[in-house]
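[1] when you get a sec, could you give me coordinates for this:
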Amino acid sequence: MMLELLNTKIFDNERNILNADLFVSNLRHTLKAFKFNTKIQYEVYRNVTIYHISWNDDKSYDDIVSLKKEIGLALGLSSNEFDIDKVNDNEVSIKVLNMKRGVLSLKELLESADERDGNRIPIGLDYKDNAIYFDIEKDKNLLVTGVSGTGKTNLFNEIILNILMSRDNTRIIVLDSTHISYNSYDGLIEVVNDEEDIILKIKSIRKEFEDRVKNNVRDRIVLFIDEIYEIIKMNDTVKDDINYLLEIGNTMNIHMVMSTDSVLDDDISYLFDKDDISKLCFYLTSRSEYNRFLDRYVDEKMGNDGMYVSMNKDMMRINIPLIEDDEIDRVVSYLKG
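    Numbering: from 1, shown residues only. The predicted structure is shown next:
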């Protein structure tokens, strides 16, 4: 029933399939000119196409890598826009971003998820269209960054909707110093905007944690902090309170989802090295920002995708669904009855 409240979008991959057929023909012609007797197959997904090239003669991996410029021309790409990955001595794979890339909807994502509950929240699709989850129990906390307009607030709305639709009685609190407005959820979540009230709320949650330890209360709280950098600067003690909750809050089922525009400032960058935080990175403007946040450089066109680093430190590119206002309104209306 809940899925019926979400917008339906149908992504047509036909153009990408036609392009793949054309590129395979180009690849065969190019490699044949260099005496390669090849077998070429492909897999077309929403955002990428993967070409598998194998051969049965005495050619080597180095031989095919030496033709990277020519292979790029066959694919309509420059040689720095793709890699030739070795599968074995007689096979390589090439992953190419599709020319047509559809906007992912929340409904499509949830339909792709093999399971969904209050613990494992699907947040996007990987390049093979498999659902990727933010696991609250295992990943504990999540920190999101990216320049303004790249999708941080959209991700907050996605996670909030997922939690509400799971109907597991999770208590949601949003600290919104930017006044972006989460008023659409009025009555279902708690939103705090005023600076003084935000400081008091953080302190009250720390006090609640201590009370939970005494009384063994473990019902879940997810605390969303929009622009945590701005909140840390509000008060000298707020940073200590946030660190306290980050480090041990999850032991009493208190979890945090945070966003920040600032990456290089020392007042926030210390968070990037914490072991109890998963990270998701949207587009940033400089190599140094990627290096600082992800501990590696992302040399790809990000678009509306994000790079997700889970607690086990694996990094993957994921496609995030676009959340629309009318979806939020319908879900909220339904839940309010």
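[2] identify the residues contacting M256.
    For M256, the contact set (CB atoms under 8 Å, 6 or more residues apart in numbering) comprises N141, L142, V222, L223, F224, I225, I242, L245, L246, G249. Placement of C-beta: from N, CA and C, glycine included.
[3] just the element for the fourth one, please.
    L223 belongs to strand 221-226 when elements are defined using DSSP states H and E.
[4] pLDDT (mean, whole number) over stretch 263-273?
    Averaged over stretch 263-273, pLDDT sits at 81.
[5] please read the previous query as pertaining to stretch 7-25.
    Per-residue scores along stretch 7-25 average to 88.
[6] which residues are in contact with it?
    40, 42, 44, 46, 49, 51, 74-76, 96, 98-100, 102-108, 324, 326-327.
[7] list the buried residues for that stretch?
    N16, N19, A20, F23, V24 (16 or more other CB atoms under 10 Å).
[8] that stretch: how far from the chain's middle?
    Offset of stretch 7-25 from its chain centre (CA atoms, centre = their mean, to the nearest Å): 23 Å.
[9] same thing with stretch 35-48?
    With CA atoms, centre = their mean, you get 27 Å for stretch 35-48.
[10] cool, stretch 330-337 as well?
    26 Å.
[11] same check, this time on stretch 31-48
    How far stretch 31-48 lies from its chain's middle: 30 Å, per CA atoms, centre = their mean.
[12] which of the three states applies to L280?
    strand (DSSP: H, G, I helix; E, B strand; the rest coil).
[13] buried sites along stretch 133-145?
    Applying 16+ other CB under 10 Å to stretch 133-145 flags Y133, F134, I136, D139, K140, N141, L142, L143, V144, T145 as buried.
[14] one step back: nearest to D273 among the buried residues of stretch 7-25?
    Nearest to D273 out of the buried residues of stretch 7-25 is N16 (CB to CB; 39.1 Å).
[15] would you confirm that the closest one belongs to a strand?
    No: counting by three-state DSSP, N16 is not found in a strand; it is helix.
[16] count of neighbours near the nearest residue to it once chain neighbours are set aside?
    What sits nearest to N16 in space, not counting adjacent residues and going by CB to CB, 6 or more residues apart in numbering, is N98, at 4.6 Å. N98 has 18 neighbouring residues, counting by other CB atoms under 10 Å.
[17] and R171, by the same measure?
    14.
[18] again with Y45
    18.
[19] how about I328?
    20.
[20] how about I50?
    So I50, with other CB under 10 Å, has 17 neighbours.
[21] roughly how far out does the lowest-mean-pLDDT helix or strand in the chain sit from the chain middle?
    Within the chain, no helix or strand scores below strand 305-309, which has a mean of 76 by mean pLDDT, DSSP states H and E. Computed by CA atoms, centre = their mean, the chain-centroid distance of strand 305-309 equals 4 Å.
[22] I am finished for the moment; much appreciated.
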